[in-house]
Every structure is written in structure tokens, then in C-alpha cells.
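**Student:** Predicted model, plus sequence, below.
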Amino acid sequence: MNNALPKKQGLYDPAFEHDACGMGFVVNIKGDKSHDVIEDALTVLENLSHRGASGADENTGDGAGIMLQLPHGFFKRECQVLGFDLPESGDYGVGMIFAHRYDDFRKTQMGIFTRIIEEEGQHILGWREVPIDKCTIGESAQAVMPYFIQVFIGRGLGTEDGMDFERKLYVIRKRAEKVIIPMCEEKGGAFYITSLSSKTIVYKGMLTAEQLRNFYLDLSDLDFTSALAMVHSRFSTNTFPSWERAHPNRFIVHNGEINTIRGNVNWMKARQKVIESNLFDDITKVYPVIDESGSDSAMFDNCLEFLHLTGRSLPHSIMMMIPEPWENNELISAERREFYRFNNFIMEPWDGPAAIGFSDGVIIGGVLDRNGLRPARYYITNDDRVILASEVGVIDIKPDNVKYKGRLEPGKMLLIDTAAQRIVSDEEIKTNVAQLHPYQKWNQQHIASMENIQSGMNYEDPGLGDILQQQKVFGYTFEDIEQTIRPMALRGEDPVGSMGMDSPLAVLSEQPQMLYLYFKQLFAQVTNPPIDGIREEIVTSSSLPLGNTGNLLDPGRSNSACILLEHPILTDEQLNNIRHLDNTRFKTTTISILYKVNDGARSMNRSLERVFREADSAIREGSNIIVLSDRGANENLAPIPALLAAAGLHHYLTRKEIRTNVGIVLESGEPREVHHFCTLIGYGVTAINPYLCLATVKQICEQGQSEGLNYEAAQKHYVKAAVKGMLKVLTKMGISTMRSYHGAQIFEAVGLSQELVDKYFTMTPSRLEGIGLEEIAEESKMRHDSAFIENNPTRDTLEIGGYFQCKDNGEIHMYNPETIYLLQRACREANYDLYKEFSHLINEDKIYTLRSMLEFNINPGDTIPIEEVESVDSIVKRFRTGAMSYGSISKEAHECLAIAMNRLGGKSNCGEGGEDPARYYPDKNGDSRNSAIKQVASGRFGVTSNYLVHAQELQIKMAQGAKPGEGGQLPGGKVFPAIAKVRHSTPGVDLISPPPHHDIYSIEDLGELIHDLKNANQHADISVKLAAEVGVGTIAAGVAKGKADVILISGYDGGTGASPRTSIRNAGLPWELGLTEVHQTLVLNRLRDRVALETDGKLLSGRDVVIAAMLGAEEFGFATAPLITLGCVMMRVCNLNTCPVGIATQDEELRRNFAGKPEHVENFMRFVAQEMREIMARLGFRTIREMVGRTDKLRQKEVKHWKASRLNLAALLYQPYAGSDVGRSKTKAQNHMLEKALDVRKLIRMCQPALQDTKPIRAKLKINNVDRVVGTLIGSEITKKYGEDGLPEDTLKLTFVGSAGQSFGAFTPRGMTLELEGDANDYIGKGLSGSKVIVYPPHGSVLKAEDNIIVGNVAFYGATSGEAYINGIAGERFCVRNSGLQAVVEGVGDHGCEYMTGGRVIILGKTGRNFAAGMSGGIAYVLDFDAKLCNQSMVLLEKLTDPEEIKEVEESVRRHVYYTDSSLGRQVLNRWEQYVPRFTRIIPVEYKRILENEIREQSRISTESNIYRDPV
Amino acid sequence: MGKTTGFLKYPRIEPNKRPPEERLQDWGEIRLQQDLVTISLQGARCMNCGVPFCHGGVVLNGSVSGCPLHNLIPEWNELVYRGQWKEAYHRLIRTNPFPEFTSRVCPAPCEGSCTVGYAWDPVSINNIEYEIIEKAFAEGWVQPTSSKPSGYQVAVVGSGPAGLSAAYYLNAVGHEVTVFERDDRPGGLMMYGIPNMKLDKNVVNRRIDLMRASGIKFTFNTEIGGELPVQQLVSGFDAVVLCGGAGKARTLPVEGADLIGVYFAMDYLRGNTISILGGNDGSYITAVGKNVIVIGGGDTGTDCVATALRQDCKSVHQFEILPKPPEKRIKTSNPWPEWPRKQKTDYGQAEAISISGQDPRHYLISTKKIIGSQDHVQKVHTVNVNWVRNASGQMQPVEIPGTEKVWPADLVLLALGFNGPEDILPEELKLDRDANGNVQADFGKFETNVDKVFVAGDMRRGQSLVVWAIQEGKLAAREVDKYLTGSSFIK
């Protein structure tokens, strides 16, 4: 392949590259070919160029391309010139090839290619060099540019035309790739076939959108015609040249990301042996189906192509790969449900955010993922065209030519059939596909439910013997039972903890660790969004098919069957039923996974081989369910770690390509927490019976410790908690269905040897080496000994555990009584000696962290006098405190941190929760309580224009170390009036932050938000907070290209707030790994000098910080340590509001105990800096800057540790090669290109009179989709000058005509009125802070406004005040997190008013599904509301009865008509009395209660203590 | 779990004690059991901290903070709150072999570092421990242990808390243990040092019976060293653990300290206990009708006061050369979670007050000389002092002129602490000693310079708390076990 991606090196791995983009297509419905279609498509592409990106070299694009119908006339003409004739259209195929640049080798390539063509019975007609003009393209693109050549292949005699011929061409391409690409790898050259088809052709390359048109001269030729054209502009997370990664692929363009890619690839491989097709002479010629070196989109394309060419239509294949949510969807037909049910049986969905355009040259269509996480808008014109694109306004169309304006809806398809010359509706496509086969019958034949299988065996509890002994042999600790199992059984929830992790990684621990703990969960950030499995339950599903999942290509085959499990946890009775199945459909074999413990690793290895062998023969004998069981552990037999046995078997069967023949059930005493279940499912287990854990639940009940629950109820709770917890883990990765998570291996291993990973956990990233079977067996033995050694004095009690509490004999903790005491005294008394005692314990005493495994490479000759080292005052300016919101911690603590950091010249971070504007102005004594860093998180609490303009740095929190991929929840009990005020919410009402930023579903969206914030405060640095995980390097490169000024890499161990314990311990990585990967990747990409890198995560000492600098950071964050200095004693009850030292509490009595002072924090920071200076002097560094990235000054320490000594940290200390011109720390500013903004170009000057003297201004301007975030910069100037109140209403009244770019009017303050005649893209009115936004269709439009889409997705996200009048329909997620806006709109998409906490929304039309999910405040009024579409878990549906309220609503509608001239609005007003009863009033239950209380006893609410609820 | 705010809801309730008037009439224990509901709510006051300082057992600023035995206090507090007494007992004895001793005699550094004590009154941990173990005995949960014989034999010298602890654990892991005790009864200071009111001798015997039933051999009236040279044990056993205590009492270097009527507190208390137990070896010293002066303000001094009161003394005064501690800890110099240095009125003083209305303690008082007639003590001369920092920065007492005072005295008891272990064992084995005269061995290792010989408790550490002695005995047993078998399950 022509792939110049660097090889895997250090912590960088090209496998984690991501991309996203803008996409679109233009089609003539009647199939009329013209050159105009191509012209229009290229224009679309150019107008989407801001969604693509370029790297360090501005002229080299990430990629752009176009797919067209074969231009028969054009090629005929061209080939004549070349001296050969083309047969009729359809009788030849054209291949577009990126070939080797050198003639010799290219000839070899062509020779082999020719041979394959002939072997497949086709013949070469001729070759054509593709004319190009390379003068405008970038240097890096040119450096690796391939040779472009087209091949013309004539159809052989034995080959039918149409699909048969396409299949031949497919086989030719796959065979050629298999032979030629490996040869190229040796020769360092290229071979890539962009397309090979008799119908379509793809022109693409490493180009910017603008370059494509001129680069390929063919595209400008007027004879080159097509009835359809599909385009794509790419934004990649790297800057590495790659010509073939551009889209389109052979069938699709894709905007989004496949989260489950690893599993999808594995499953495709796993089923290859059982696929049979009579359409191919030998189907293995096209194997492997998936080329794993491609991007996720390319792999998606591989699979789609396979499904299509093996006999399905494209829409059918798409429906299999991206099914719409059907399980919890009452709105789709029964036959469709049967179709999905069946396809779910034979194949797992490819899950992730996706807008996909697809075409086979005859049909062209678009589809959106089930969550609707990518935008796609379309126009249908009166002259028979359809234009679909990521944005509207990408092409000029006269208003009177527009017949319909629509958007792709979640899970829906738009299809244009140029042969049938019409648009085919989603309903019709899907109904047709669903009627293709007797799916219902097939389902009855193949799919059973738990209820309707009966093995006829009654369940008898086999008993466990001594339950304590069993608990001990499986490593149960007292903590496991008390802190995990019991709360799950009692509350039905995965328990919450706080204050992060301060214990060693599993591989660094002296204690025996469960194998699960060596695996860290991955999560979605930036390139794909996590989703909310609770509020958006409609899209999630936990069901899994257990059994033989059949032949993908012969669905009707009778001998496959599965049991569709509701979720993967089985009770003992259910397992019993499954275990004894032996009939025509199901046959179960149980295999023991016990081994002789005293023979150690050898015996474990032998037993594993035995398990695999037994499974193999069971399958041969017809079993389709295998139960791996570890029942029966005794003094001789111990369980093989269940994960090892199960993952090992899964990969063994995958390698043999027979994995889909069986379902793997695990009957194990081991798994007991959510993370255990997740890893098991993630590595291929289909169902789990955690028998010992359930027995423990039973024991709890029998001991009367279940608070009155009987066993049945407690078991139900436990299972519910486990399943819910798992869903949370998978939605964290943006995966909606357990079916796709199954086998998807969304983990990184830390501390396992490569050999072990390769064999049992194939393709799992693992970068540091580590333990093998030997140590795993040792850990098993330790657990076994603890249970069975007679002379063990603690044999009859459970071990301690001690992960969440610091206990002797449990896990060790950095924060222990001694270190806390020393740090507090040192900082209170300004005693550096005591601090040194503290830091000695942290630095030298024990192995806590990866950095404990490093030491400095000190060359005595380098040492300099300490006076020459940068001063303490200068160093502390690089220090920050962690983001802790006012609300999570008390006012006293929050302000203390701000004052301290402002005194030092460092920065404090206000966290996600707004800030009291009084703090923006200095105190009398000169102190400032203004947080320098203001956070913009997914909840957007308190994010107003005023908040933004008072920051020195704006931080976009993409993820936080303790709970990456999750949203927060502030319980109502903590929402005191003062807090509610700064958060623009209602006291006493729960506040929910969504897991994703709803304006960031991909990398180009993040680029947009960075741009928006830069407009909202052009003087602030924009920082992006990421959490460490494998692949964060490439994400950071994308973020740097998205123009962040600072990137913060948070370690998994940090975190102060409350978070599920599963996440605290198991999600994410230590910052050492994340930071290093980021630094290495940015250097490789030549992007390092544009961004400052910051890191945090349990930084406690000067040594920690010096190491962080050497690994690549130049700024450093501290959170727990400053809290300790302020009195925190690591109670770890932040979530309970009972913090006894007055920090993490709002309780007034407890807050009186707060004894912290800013000086304590200052002392700490100075001590750390001083300790750094001592180290720097010894190493000979004078400044921090020169120390950044100097891993040559570090080396791995020799340690005596039975596990840690197996680690190899070479990857951490690796220095990527980069020329001396490549910067290794931030030296230059990002170019934010504000000068291109409409605000700067025109508005600022026009609006000066208003800004200076509050004079009214009126203006009317043209606007286009490339004019993004219009009005925001002006707004920020108003806020800066006039503060929170802004200007009088309508001071600035600006009218725009056309299609507005994204984020129109974002954060604009009071006094501004923005009128838009036309339509708007996504994020209109984001963070609206008081202005008025009015949108109506253009004059001359003949559409019925109320039936057409007019504004995009996620409109008015996080608005805090203002008004909006929208004369038309809005996209998905209208008014998400609105906390004060008054809006009128004529229809909205799915998830309307989600997480809303305030404001009023009037909808005079339809809503999509899941309306009002997570809505805790505000009121929505919807006309003719369909209650089925409402998520009623938090809201009440009522009639509009209060006369005063009726008047208010009427008044709003009146204003709507006044501003937009809405005909629907007028109609409503005209017959108001008749319309009133047709309104539904949607109000959150809690909000209503509080509002009523407010009215009843006005005084009650004002006293804070009254609304304090005893937290549970 | 339902009690997150217990510390705000429920006040601390002190242990139930018999009233002074009543308890002065006999030698029985002063503490009474409490009702289970009260105890359970006291358990609910525990915050179940992320970092349970109570369980820490670390030395902060010279004093221990938290339990040296690392008792799993939050665990059993929670279990008691939930009424799971048996589970609480199991979690208790996981770390502490003898809760019946510690719950009676330990000054409870756990409570001093309890997080509730940061701003409120600490959880009554000591009393909860007492209730758990007494309930366990009452319910018959406390049973002898059994183990598989290892074939090794270990000798333990001394049956004080360290020796008993070492013996308990060595036996539990299968070694054949013989405990050598020079007294006629086991327990060391727990038998003859601590008075019966605090620790009923039946409580000690109850434990010894269990240990015997578990297979531990006790040899009494057998002094190791001298006639039975310790070398003999070293050759005859696979390992020897020396737990001989730090019995060398500190003397008062003043005129008249050798008069009749001036005794070491230990001798006084020992004689009294022997007499209570029905013995008579001629060592009994009575305070009946006497003016008693106790020199030394520590726990032993208090024990002397209480004993003298029960013997119907005429008067009793207790001298302390240090200043009176503050009523509450001083947060700046003695912050939580350090051991709180504050005034506490112990049972002996409370009893004295109940009789005379006067606290028997006098602070900042130094004994100048003791005057006698016919070798019998008659008077004690004292002078008040101030503590002043000297040139080298150390605090020193300086007499205040004009504050001299003479006290009538018929019995003077010296409760001045101890000066390290007796010399005979170290000398016979030529053991290395540290600067304080204690036997040299690292904490955590407990190995002396002589192969096979380990040392634990006060003999290694110097005079200290019973909990430390138990912890040392346990950890020394672990080291012996490792020494013998290569590994150990003792935690």
C-alpha cells in the first residue's frame, strides 16, 4: 500500500489512527448524466473544506475524493486516442490504480495483475496513465505520491454482465492485493486499487478539498459526465501522508468511526470457515474479507462489499451492518423487527457514529447510525436533483427551486434509484428487504428464548461445601463483599467511590491480583462520542445470541440455532437448563477449567490445551454450546483464571475460523464485579453464571444483612446492577449493543507479556511487557493457599482487599496516615523538612506507580549550582489545580484554591459548574478568587458569555481520569441555592451532565468548538482535556490540528469527584503512558511545537513533576494533594456530602470544620518546585523547557519484585526520530484564523457605535455555510464591556440571508438580535446568553415551513437565557441542556429537550423519539404530542390549565408569528381556544414539586438547610 | 450504608462503669457491659474512612497514632452496627489474638486518631472491642485452635503479652511451642503488674486455658538464665523467642529512697495481686491507714492510687514532675491524628475524688528527698518546678525557690517507669544492645545477632504498650516461621 504511516514505535501505533470529515453527494434522480453533477459535487466538497484538515504542512490535505459513474463516452474517446476500442458500457471494467513510481517495479506489478486477470478468464483492453497537475499540492503529499494508472478489463466469455462481472473484478482485486502488496512492502513502494468496477470509479488522494478539482485533469473535462457523484473531505488525527486513506472507498464515504471495529474484524475472521457461497467458484480467493491495514471506514467498506457481492443489495447489506434500534422500538413493523432479529443472530452490528453515503453506480443513498450522531442534511429540488451533505448551504440553490429540505434521521436511510428514477423512502426500502425472506419462520427455526428451551432437568443446588473456602480460592476479599457485592445486591447499582486511585497497577502490586485487573477499559473521546445508556436507553440493548450463529451467506440453513439471552448473566437455574440441552437444535458440553495447583504454570498450560482440545472435539461432535466450568475447586484443584481460559478458547476457535459455531458459557466462581463481566464478554464469553457471587448474595440474605430483601429480589438487584454497569461501560465507548461489544476487546493490557497476549488475548494492545503464565499461576496459588493451607491463621477470614480503603495487609496507598499527616503539617507550618519526609515516602518507599520504576540518569559532571536553576517563582507558574466544581467542593475550598494559585501566578480550574460573577473582580486585599481556567464540559453548567470572557484559559473537558466517557450527576441534595444560581438551575433538583459534549461527536466538531470558544474569548488559550488511554497520541494529534493551544493528559488515577468504582479503577491508563504516547506522536507529526502539554494524575512530589517533564509535559496539574493540604483526610465520601473537614460538602455544619488556607496550597506548590530545582541542579537542567521530553535522563530501575521486574519500560523512554528542526515543546502559537471570521471582516467595524455608545445598529448581510460562529466575537466584546446584563434589547439587530454556518449566534448576550432568512446548520444558538435568534425561510420559498427542516442538530445546546423563534423544523437534540432559553419551534428531531434544567420550549409540531430524557427542569409545551415518543422516566405529561400560563404560551406564539411570520403560528393563534387543549405540558416531577413548594412557602426555599436531603 | 451521618446523629457514650463508691469496696473489674443497642449505635458513629487513621499504627511526632495491631476497626464497627457480632468477632481476631486484654488495658491510640475526633468525640472503639470479645466468650465462639504439626519446636521466654502473642501464632502455624515463665502464673505484667480492677486475672487464665488446649506448653516457675542457662534452650529448640520484658524499674536518685516504706510500684501491685489470688509469699505491702505518696503520674501511678484506696489508706497523693496537660489537645502543636496529649482523669483519680473531693495529682512537683526515722519513711520533701529550655535547646525542670513543701508519708511508691530489660539473658547470649540497653533487633525482623534467637516486645522495644507487645510477638512469630519454613502465613 502506498502508506507512509510510520511504523509502530515507542508508544505510537498506527493502528489507532482516526479520521472524520465532511461528506456529501449530488444525484440526478432521473439518471441524466451531466458534467454539472460533477461540478456541483466538487463545489459541495469545497464548501465542506473546514470539516477537513491539513497538517504541519498547510498545503497537504488529509484527503479528498469523489466517486462517479463510469463516464463511458469520455473513456471511449480517451481509449481511442490510446489506440484501443472499448466495448459497450457494462462489458468492461475500469480499475483506478495507485501504482509504484518507478517504471521497473510498476511493470512487475502490472505483469502480475495481468496474469491474475487472465487466470480469472478476463482480458486486458489497455492501460491509461491518468493526467494530473501536481503543482498546487503540498510537499509531503508529493513526496509519497504514487503513479496513477487506469486499467481497462474486458469481460470474459464465461462471465455474465452485471453482478457476475463485478464479482470477477472483486476476485481479481482481492487476489492482486494479496500478491502485490506484500511485495511492495519489501520494495517500499505502493499498490492500491481505489476502484475496480464496470459501474463506478473513484478519484481521490492526499489532497485538500480545493485541490481535487485541479489535480485530476479528467474531472474538468466536459465529456466526463455522471448522474451521481459522492464526495468526501477528510480530517485525520495525524499528519502522515497517506493517499489511499482518502475516501470514497469502493462503495462508501463515511463520516464517523466504528467503535467495535476490533470485534467486527475478529468475528468476520471467526466465521470464514463456515461461509459457503455458490456465487463464487472458490470464495476463499477473497479471504481475508477484511484488510486489517485499512482504516475503520475501509474495513467497513470491505465487509459491505463482501455482503453485497455475495448476493445482497447495498441497502440490505447496510441494514445488516448498521441496524436501526429495533429491540425497544415500538414504532417499526413486525416484519422489520423479524428481519433485524434474524440478522442480529447471524451478525453483530458495526457500532459507532456514522453518516454513510453509499452507491453502486445505480443507486445512491445515505444512512445514519442509530444514535444520529453525525449530521446529514438534504435538499430535493424541482429540477430532480438531490443534494445531501454534512451541512446545508454547500451549494447555491434558488429558494424557489427547493422542493423539500430534510435531514437524515437516526437509523434512517435515504435512497435514490437512478434506474427507477425515483426516491425510495426508508419505509419502502426496509419493508422490501424485510419481505425478501421468511424471516419470522427463520427466527422460529433458529432462535429460541430462555423461556422456551427446556432441558427437562430440574435444578438441584450442587452446593459449594465451605463457602468461605470457595470465596477465598477465588480471591474474594472482605472489601469485595462489603463494598461491591452487597451494595449491588441491595441497591441494584454499581457502587460509587471518590478520590481516584492511589494504589499500584496490578503488575506493580505485591498482592495476588485477579487477571481482570491487568486490563484497562478503553473509552470514547473526541473522535467518537460516548453515549448515555440510561437516558438514551432506546438505542441500547444487552441481548446476546448464545449458540451457533450460522452461515452469513446461507441464512436459511437449518442446522444453526441460538438462544437469545436478554442479557449475559445467568442464574444457576438458567445455566442448569442450558447445561442439559441435548436435542436436535442444541447440544451443550461442559468442560472443566480446573487445574492441579501444585504443578504451577506447566499444569495450567496443559489444562488450557486440554480445554481447547475438548472444545474442538465437542464442536466436531455437534455441540453448539460449551460451558467452561470451575466448580469443584478443592485442596488439589484450583481454577484457571476464567478470563484466561475463556479468552484463550475464543481466540483458539477464532484462529480455526469456527468460533461462530458455538456459544461460550462461563460457569465461574470468579467474576463478581462489573469490570469482570465486561472483560469476559469483551473477550468472547457469551453468557456468565457467577455462581459463587450469587451464593454470596444468598449468604448475605440468609445472614439477615439484606435489609429485608429476600434472595430472589437481591439476586435480581445484583444482576440488574451488573447488566446496567456493563451497559455503562460499553456506552462509555460509544457502543450501544452488547452484541457488538461481545468479542470487541475494548481493552488495553498493562503488564502482561506479549507472548501471553498473542496467544490468549490476540491483538490486544499491550506495550510494556510483563507477567506470563508463571506469575499468573503463582497468583492463583496464593489465593488457593489462603483458602486451603491448614496452618494459615487467617484461613477462616476473608482477605482484606483494601483498594478503596487504606488498610494494613491490603493494597498499599500513596495516601496513608503517615503521608497525609506529614503533608498537612509541612504545608500548615511551612516546614520544608517535613515535606521532604513526605516526598521521601512517596518517591522512594514503595512501588506505587510506573514512575516508581524509573530513576534519573545522573552524570556527576552535569551538576550545576542550584542558584542557576529557574526560580521557584517561575516554576510555580506552570502549576495548576485540578478541575473541581463549586458544588462538588465547598465555596471555602474552591476559593482557597483560586486565591492560592492567583497569588502564585499559576492557574486554578473552576471545574464544571460555573462561577459566581462576584469572583471575577479582585478582593479588597488584592487577592483574586477568579479561576484562571474555566471549564467547558458536557453539561455546560454556568457557561455564559460572561463566564467565558473572564477566563485566561478555556478548557474543554473531553474526559476525566476517574470516569472517562461518563457524565456526572450532582444529586439534588447538593444543589443548594447558591450553587443552583451559578449553574442556572433549580435548587434541590438533580443535575445531569451528558456523557458526550453534544456538539462534539468527532474530531472536526472539536475543531469547531475550539473555534467557537476562541471567538467567545479571543484572548484565552483553549485547552483540551483528554484522559490517558491507548491511542490518545493520535487523538491528541488531531486535537492539535483542531487548533487547541494546550492539551491536558489526565491519568486514570487522578480524580477527586464521585465516580463508579468500576471506572475509578479500571478505565484509562496512568499518565506516564498517555503523556508519553502523546508527546511521541506529536513529535512524529511535527505538531509538538504548536501545543503546550499538561499532565495530571496523582502528582505529589517534585520528582513526579520532573519525570512528567521528561516524558513530555510542560505544565502540571495537582488536585488531591492541594486538597490534602487544605485538610482532606481521604475519607472518600465526596459523593455523600458528609465530608467531615468541610471540603467536599455543602452542609453548613461540616463546612465550619474547614481549616484550609491559601498559604497551605502555596507552600505545597513551592515545596514541589524547590524539590524539582534540587533534582534539576543534579541533572544540570537550568529550565523546565530544556527538560521537556528528555527521556535520555531517565532509566528503568532494577527492582526486586516478583511481577514488576518483568516490565520493560523501553517504549516509555523511546525517543522518536525527528529532525533538529522539529520542536519538542511549545514554541509557536496556533493560527486560529479569526481574521477570516465574518465578525472580524465586517461586523466588528459595523457594530462599533453600539459597542462604544450603545447606539442601535441595523444591518442585513449575506451568509454562507463557511461563515461559522457568526456574532459570537461581537457578543464577547459586548460582554466584556457591559458585563452579564449586556445591552438593551435589540440594540444590535443583524439580519443574515443564506445558509448560516455552524454555531450561528453561539454565546451571544442580551442586546443582540440575530435574524436568519434561510437556514442554519448545527449548533445554532449554542450557549445562548441572552440574545434573540430568529430563523425563517427565505423569501420566495414555496415550501411549507412547518414541514421542512430549517435548523440543524443540537440547536441551543446549553443555552442559559434568551429567546429563539424558529419557523420550521429543527434537527435532533433540540435544546439539550437548556437552562433558561424561551424557544418556539415547529418540530424537532429525536432527544428533544434532553437534560434540560430550565427555560420554556414550545413545539408547534412533531417531536422525535426520546423526548425529555433526563430533563430535570424547565417546561416544554408540545402541540398534539405523541406520548409514545416521550421518555417519561423523569417527567409528567399534563394538560395546559393554568390561565396565566396559557396566556404566557399564547404570548410566546404571538411573538413567534410577529418575528417569523409563521403561518402555522398564525393558524394556532386564530383558533387559540381550540388549540389550548391540544397542548401537552411536559414538566419534570421534581421540578414541579420544587416550583409548587416555592409558591406554597416562599421562605422555605431560601434557607439552604431545608432542602438538604439526607443522602443515601 | 445507612449510617453515613451517624457521627452527626449520635453522641459518644462512654463505657459503662461501676460507680466509685461501689467498686472501691472490692477488687472486681470496674467496667460493666453495655446494652447491644447502645453499642450498635456507637458503631454507627464510625465513618468507615477511606484512610482509617484508627487502624494506622504509625508513629507520628514521637507517639503512636492508630492501632499498632492494625485492628480492622471500621470493619467491626460496621458489623456491630448491623448486629453481625460473630462476623465482627472474626474480623477482630484476624489481627488481634487477645482483644480481651487490649480492650481492658489499652490507652486506645485508635481513638486518638479517629477521624470523628477531628471535630467531635471519637468513636468509642475500645468499648466496642470489649463488647465484641466478651460477647464472643459468652456465646462460646472463642475456641482452641488446631493446626498440622510442622515438626519444629520453638521456645518462648516470658509469658507477657509479647510472649503469649508469639506463642499463639507459632502454635497456629503448627510449631510446637513451650513458654517459659519464671513466675508461678502466666501473663507477665498482665498478671502481676496490672491490678485486678482493670484486668481480672480470670480473664488471663481464660486465655491461657485456651492456649493450653490449643497445644501450647507452659512451664512456670522456671527462670531462664543462671541455673537454667539460656544456651540450653538455644541448643534444644529450633528457635527461641525472647520476650523477657523491660523489667528494670527506674529508681529515684534522691536521699532516702532506700528507706523502708519506699517501694517500687510493681512490687506493691504484685504483692497485692498475689494476695487477692489467695497467695502469700510474704511480699504483700499494705497501705491501710497510711499516708501514701505515689511518685509518677502515669498509668502505673494510677493503679497504685486505686490499689491504695482499696486498701483503705489514710491519704494518697500522686506527684508528676511534668506540667498538667491541657484539657483539650492543642491543635497547632499536637494536631489530629497525633496522639492527643490532654488531661484525662482515670479510674484511680476518679475514685480518690469521690472520697476526698480532691484530685490526688500534683503537677510540676519534684521530689527533693525522703526523710525517715529508724529506717522507716516519714516525710517527703518536694519543690515545684518550671520547665525551661536550656542552652542546648532541651527542656529542663528548674526549681522554683520558696515552693518547698513537706508531705507526711508512710508509704512511698515509685511509679517511674522502666529502664530496659534485665541483663541476664542478653549477657548470657552476648546479645547486641541498643543505646537504651534494649536488645538490638530491627522491627519487622526481630532477629538478634545470635542465630535462632529472636526478640520481641518490651525487651526489644523498651517499655511500651500492651498492643505493641502483642504486635511484636505476632510479627516475630512470622519471622521465626519464615526462618524455619521459608515462608509464613502469619500476616
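**Tutor:** Right, received. Where do you want to start?
**Student:** how about low-confidence regions in chain B?
**Tutor:** Applying pLDDT under 70 to chain B flags the ranges B:1-2.
**Student:** Against which helices or strands is the longest helix belonging to chain B packed?
**Tutor:** Ranked by residue count, the top helix of chain B under DSSP state H comes out as helix B:466-485. Identification of packing neighbours for helix B:466-485 by 3 or more CB pairs under 8 Å, 6 or more residues apart in numbering or on different chains; DSSP states H and E yields helix B:99-105, helix B:161-172, strand B:239-242, strand B:453-455, helix B:458-461. All C-beta atoms are positioned from the backbone trio N, CA, C, and that covers glycine.
**Student:** closest one to A:Ile261 among the ones you listed?
**Tutor:** Closest to A:Ile261 of the helices and strands packed on helix B:466-485, according to CB to CB: helix B:161-172, at 55.0 Å.
**Student:** buried stuff in stretch B:183-203?
**Tutor:** By 16 or more other CB atoms under 10 Å in any protein chain shown, the buried positions in stretch B:183-203 come out as B:183, B:185-201, B:203.
**Student:** looking at this, A:Arg1400 is in a strand?
**Tutor:** Yes. Assigned with DSSP: H, G, I helix; E, B strand; the rest coil, A:Arg1400 falls within a strand.
**Student:** correct me, but B:Pro161 touches B:Phe101?
**Tutor:** Yes. B:Pro161 is within contact range of B:Phe101, at 6.3 Å (criterion: CB atoms under 8 Å).
**Student:** For beta bridges, what are the partners of the residue in the stretch 1251-1400 of chain A that chain B sits nearest to?
**Tutor:** Closest to chain B within the stretch 1251-1400 of chain A is A:Thr1397: 26.6 Å, counting by CB to the nearest CB. Under DSSP bridges, the beta-bridge partners of A:Thr1397 are A:Gly1417.
**Student:** Quick one: mean pLDDT over stretch A:1286-1303.
**Tutor:** On average, the pLDDT along stretch A:1286-1303 is 95.
**Student:** hang on, the earlier thing: which stretch among the helices and strands packed on helix B:466-485 approaches chain A most closely?
**Tutor:** Counting by CB to the nearest CB, chain A lies closest to helix B:161-172 out of the helices and strands packed on helix B:466-485; the figure is 4.2 Å.
**Student:** Might you quantify the distance of the closest one from its chain's geometric centre?
**Tutor:** Taking CA atoms, centre = their mean, to the nearest Å, the mean C-alpha location of helix B:161-172 is offset from the chain mean by 17 Å.
**Student:** by contact count, what packs against that helix?
**Tutor:** Helix B:161-172 sits against strand B:153-157, strand B:176-180, helix B:201-213, strand B:239-242, helix B:466-485, with contacts defined as 3+ CB pairs under 8 Å, 6+ apart.
**Student:** do that again at 6 Å, thanks
**Tutor:** If you count contacts as 3 or more CB pairs under 6 Å, 6 or more residues apart in numbering or on different chains; DSSP states H and E, helix B:161-172 packs onto strand B:153-157, strand B:176-180, helix B:466-485.
**Student:** Whether the first one contacts chain A - can you check?
**Tutor:** No. Strand B:153-157 stays out of contact with chain A when judged by CB under 6 Å from any CB of the partner chain, the minimum separation being 13.6 Å.
**Student:** residues in contact with that strand?
**Tutor:** Applying CB atoms under 6 Å, 6 or more residues apart in numbering or on different chains, the contact partners of strand B:153-157 are B:163, B:166-167, B:170, B:175-180, B:224, B:233, B:237-242, B:244.
**Student:** quick check: angle from that strand to strand B:176-180?
**Tutor:** Between strand B:153-157 and strand B:176-180, the angle comes out at 20 degrees (axes from the mean of the first three to the mean of the last three CA atoms, to 10 degrees).
**Student:** List the strands paired with strand B:153-157, with their directions.
**Tutor:** If you go by DSSP bridges, strand B:153-157 pairs up with strand B:176-180 (parallel), strand B:239-242 (parallel).
**Student:** Kind regards, and thank you for your time.
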